[in-house]
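>>> Pasted the sequence and its predicted model underneath.
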Amino acid sequence: MSARRVCGCVVVVSTAVLLSACETDGCGDSTCPFAEPTHQAVVDGLVLDRNDQPLEGIYTKVLYAGETRSGVGTQTNRSGRFTATAHTDLGTQPDTASAWVVATQANLPPAAVVSDSVKVLLHFTLRTEAPLKVGVTIHLPVGP
């Protein structure tokens, strides 16, 4: 067995051991070394074309401005709507973060990729509380 294969086995075994620790103990509590993020922020959005018609299948994502937190993404439904929920660990204090909500329509060649974005302020709340939702509407310059 090569050194590369042995190394890969160690990673798989280590991950399996860590994941097997994510079980429920006799008291009903979860004993997982990977704690759930403490806070969440929700973006409810709508993507429309130049004639204010909803666009389905548009890729959307939330990118944090100047933050180390990772972004989240999803696609629009038949009514052009999407919901993206971002999670982070903040202890017990609510927090805010500037972010860009980006909508992208990837067209088949030779057409170009069409994208637009809006800047928002996300409001993180404890996951045990109702989230404060930020609403956005993005217009893409596409359509008849």
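Now that the structure is in, tell me what you want to look at. Residues are numbered from 1 along each chain as shown.

>>> Helices of this protein, residue ranges please.
Counting by DSSP state H, the chain has helices at residues 3-20.

>>> biggest strand in this protein, by residue count?
Counting by DSSP state E, the longest strand found in the chain is strand 114-126.

>>> Within the sheet, what are the partner strands of it, with directions?
strand 39-48 (antiparallel), strand 95-105 (antiparallel) (DSSP bridges).

>>> buried sites along that strand?
For strand 114-126, the buried set under the neighbour-count rule, 16 or more other C-beta atoms under 10 Å, comprises Val114, Ser117, Val118, Val120, Leu122, His123, Phe124, Thr125. For the C-beta atoms, the positions are set from N, CA and C on the backbone; glycine is no exception.

>>> from memory Asp89 sits against Pro37, does it?
Yes. Between Asp89 and Pro37 there is a contact at 5.2 Å, judged by C-beta atoms under 8 Å.

>>> for the nearest residue to Val113 once chain neighbours are set aside, phi and psi?
Setting aside the residues directly before and after it, Val113 is nearest to Ala106 in space (C-beta to C-beta, 6 or more residues apart in numbering), at 5.5 Å. In terms of degrees, to the nearest 10, the main-chain angles of Ala106 are phi -90, psi 110.

>>> shift numbering so it begins at 311
Taking 311 as the first residue, the last one we looked at is Ala416.

>>> Could I get the pLDDT score of Ala416?
Ala416 carries a pLDDT value of 79.

>>> quick one: contacts for Thr447?
Neighbour list for Thr447: Gly355, Leu356, Val357, Leu358, Val428 [criterion: C-beta atoms under 8 Å, 6 or more residues apart in numbering].

>>> Now for the residues you listed: which two are most distant?
Leu358 and Val428 (12.4 Å; C-beta to C-beta).

>>> what's the overlap in contacts for these two?
Thr447, Ile448.

>>> Domain-wise, how is this protein divided?
311-344, 349-449 (automatic domain parsing).
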